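Q: no sequence for this one, just the structure:
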């Protein structure tokens, strides 16, 4: 889960789009390492029912087994390039 200020929402959204494409291209779709669920949700950050102006991004990834998580972390270290400012 990430809370992003308004000025960073567009860039962060692009980074998450790049991440989703990377996941789609590199992750197993079957077997013990399979990625079963990839779900991104966004919404306004609220404090005591009042919007802060920030956006919350929540990413959930579910794998068939722990081997899928291990594979994801290994792949990320080797191949994932996220832009940073």
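A: Perfect, thanks for sending it. From a predicted model like this one, the values you see are computed outputs, not experimental measurements. Numbering: from 1, shown residues only.
Q: quick one: contacts for the closest residue to residue 1 other than its chain neighbours?
A: Distances taken as C-beta to C-beta, 6 or more residues apart in numbering place residue 58 nearest to residue 1, at 4.9 Å, with adjacent residues excluded. (C-beta placed from N, C-alpha, C; glycine too.) Contacts here follow C-beta atoms under 8 Å, 6 or more residues apart in numbering; on that basis residue 58 touches 1, 40-42.
Q: so where does residue 58 fall, helix or strand?
A: Element membership for residue 58 (DSSP states H and E) is strand 50-63.
Q: Could you tell me which strands sit next to that strand in the sheet, and their orientation?
A: strand 2-4 (antiparallel), strand 35-47 (antiparallel) (DSSP bridges).
Q: So which elements touch the helix or strand just after that strand?
A: The helix or strand immediately downstream of strand 50-63 is helix 66-79, counting by DSSP H and E. Where contact means 3 or more C-beta pairs under 8 Å, 6 or more residues apart in numbering; DSSP states H and E, helix 66-79 is packed against helix 9-26, strand 50-63.
Q: Where among the ones you listed is average confidence lowest?
A: Note on the helices and strands packed on helix 66-79: lowest mean pLDDT is at helix 9-26, with a mean of 90.
Q: For it, buried residues please.
A: By 16 or more other C-beta atoms under 10 Å, the buried positions in helix 9-26 come out as 15-16, 19, 22-23.
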